[in-house]
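[1] quick check, what structure comes out for this input:
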Amino acid sequence: MYYTLNNGSVVDKSHLTHMIGDASKLGIKDVEFVFDKGFVTADNPAYIKEANLRFLAPCEGEEHYAPVSKTQAVIARALGMDLV
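    Next comes the predicted model:
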């Protein structure tokens, strides 16, 4: 487990590239990020894929079992995946 202290308020979704850089500088290769919904952007899953890392992210439930949630769709687009 690794953590840093930051001055002021840091927007989660814009800080991911710094966290990936920290892991690289420390020589940590086996990284798995655990996101809340604030981290899920169009770019962040792609950054993680490019760095060959893993992540977990919540996918909110949709009423009446919709096949794909909004969060899943954002992640799929960022990773270049098609969802059925």
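[2] what about residue 14, which SS state?
    Secondary structure assignment for residue 14 (DSSP: H, G, I helix; E, B strand; the rest coil): helix.
[3] kindly apply the preceding question to residue 27 instead.
    coil.
[4] for it, grab phi and psi.
    Backbone torsions of residue 27, given as degrees, to the nearest 10, read phi 70, psi 20.
[5] number of residues surrounding it?
    Other residues lying near residue 27 total 6 when counted by other Cβ atoms under 10 Å. C-beta here means a position set from N, CA and C on the backbone, and glycine is covered the same way.
[6] mind checking pLDDT for it?
    The model reports residue 27 with a pLDDT of 91.
[7] tell me where this structure has helices.
    12-25, 44-50, 70-78 (DSSP state H).
[8] so which of the ones you listed is nearest residue 32?
    Residue 32 lies closest to helix 44-50 among the helices of the chain, at 9.4 Å (Cβ to Cβ).
[9] who are the packing partners of that closest one?
    With contacts defined as 3 or more Cβ pairs under 8 Å, 6 or more residues apart in numbering; DSSP states H and E, the secondary structure elements packing on helix 44-50 are helix 12-25, strand 54-56, helix 70-78.
[10] out of those, nearest to residue 44?
    Each of those was scored for nearness to residue 44 using Cβ to Cβ, and the closest is helix 12-25 (5.0 Å).
[11] sorry, back to before: Serialize the helices of the chain to JSON lines and add fields for mean neighbour count and distance to residue 37.
    Converted to JSON lines, the helices of the chain look like this (neighbours: other Cβ atoms under 10 Å; distance: least, Cβ to Cβ, whole Å):
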{"stretch": "helix 12-25", "mean neighbour count": "14", "distance to residue 37": "10"}
{"stretch": "helix 44-50", "mean neighbour count": "18", "distance to residue 37": "11"}
{"stretch": "helix 70-78", "mean neighbour count": "17", "distance to residue 37": "6"}
